[in-house]
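Student: using only what follows, build the 3D model:
(4 chains)
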Protein chains: 2
Amino acid sequence: MKQYNIPVEATLDVIGGKWKVVILCHLIDNGTKRTGELKRLIPEITQKMLTQQLRELEDDGIIERRVYNQVPPKVEYSLTEYGWSLEKILTSLCTWGEEHIAQTGDGLKKDPIES
Amino acid sequence: MKQYNIPVEATLDVIGGKWKVVILCHLIDNGTKRTGELKRLIPEITQKMLTQQLRELEDDGIIERRVYNQVPPKVEYSLTEYGWSLEKILTSLCTWGEEHIAQTGDGLKKDPIES
DNA sequence: CAGAATCCCTAATGATACTG
DNA sequence: CAGTATCATTAGGGATTCTG
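Tutor: All right, here's what the predicted structure looks like:
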């Protein structure tokens, strides 16, 4: 049992990881992504960090990991019902980022991937 | 000019600091807090981190720093208009934390401060 | 009271190689 | 393809001291 000084710390505990929000925002698109897709969508992330962040999200019940027993391996990650309860937060974060970019000199990198 | 892979990274750039969301959630209460108040509301934070996070939020135009020229010094921090554009995000984060705490074994620390 | 400046160290992250 | 294990690195952050 964890103890917080303020409720929002509980939220940060769950989505505060360095890449978690980014991962979740990608998953929110259609709700499901393969490991390799996430890796390509998040070029700077390392294999290690991707796996680690995914594990933690899984442990917190935010995402589900589905393994297809085949060769080569196929693993899909998707939001759980509990994970979808973050939808409002995630979309707000995304929207704010878009508006912020629109208002500042910041921008988006040239998408290195075609779809 | 910063370049992001996905818009939400811009948001994380601004509020992704270790204590920023917590600080902002406190400021959202009534919009203004003195340095010492924040320090007491966030017991685990160090002087250094508090100042550092406040500076970054100030640099990003999220909060405003008002210095009263007196001895002993008095400094107040408040959300700027731009900072208030984060309100929806911040309240969502807080609410989710409350619900998460209600549904798990987690809880809040005994408030060490009266009022 | 608010905060700047040090020193210092751990924990978080990266890089690489290996496995089923 | 997905993931583990290991080693190396660093920077984020803590403790302390000092100042107006």
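Student: all contacts plus neighbour counts: C-alpha atoms, from now on.
Tutor: Will do.
Student: who's in contact with residue A:90?
Tutor: Contacts were defined as C-alpha atoms under 8 Å, 6 or more residues apart in numbering or on different chains; by that measure residue A:90 touches A:21, A:24, A:25.
Student: I'd like to know how far the residue positioned nearest the centre of chain A sits from residue A:93.
Tutor: By C-alpha atoms, centre = their mean, chain A has its centre lying nearest to residue A:23, at 1.8 Å. Taking C-alpha to C-alpha, to the nearest Å as the measure, residue A:23 falls 13 Å from residue A:93.
Student: repeat that for residue A:6.
Tutor: Applying C-alpha to C-alpha, the value for residue A:6 to residue A:93 is 20 Å.
Student: which of those two has more neighbours?
Tutor: residue A:93 (25 against 20; other C-alpha atoms under 10 Å in any protein chain shown).
Student: residues in chain A within reach of chain B, list them.
Tutor: Residues of chain A lying close to chain B (C-alpha under 8 Å from any C-alpha of the partner chain) are A:1-11, A:16, A:21-22, A:25, A:42, A:86, A:88-89, A:92-98, A:100-101, A:105-111.
Student: so can I have CSV of the contacts of residue A:90 showing secondary structure and pLDDT?
Tutor: Listed next are the contacts of residue A:90 as CSV, based on DSSP: H, G, I helix; E, B strand; the rest coil; pLDDT from 0 to 100:
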residue, secondary structure, pLDDT
A:21, helix, 98
A:24, helix, 98
A:25, helix, 98
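Student: related to what we said a few turns ago, I'd assumed the residue nearest to the centre of chain A was in a strand, is it?
Tutor: No - with DSSP: H, G, I helix; E, B strand; the rest coil as the criterion, residue A:23 is located in helix rather than a strand.
Student: so it sits right up against residue A:38, yeah?
Tutor: Yes - with contact defined as C-alpha atoms under 8 Å, residue A:23 reaches residue A:38; the gap is 7.2 Å.
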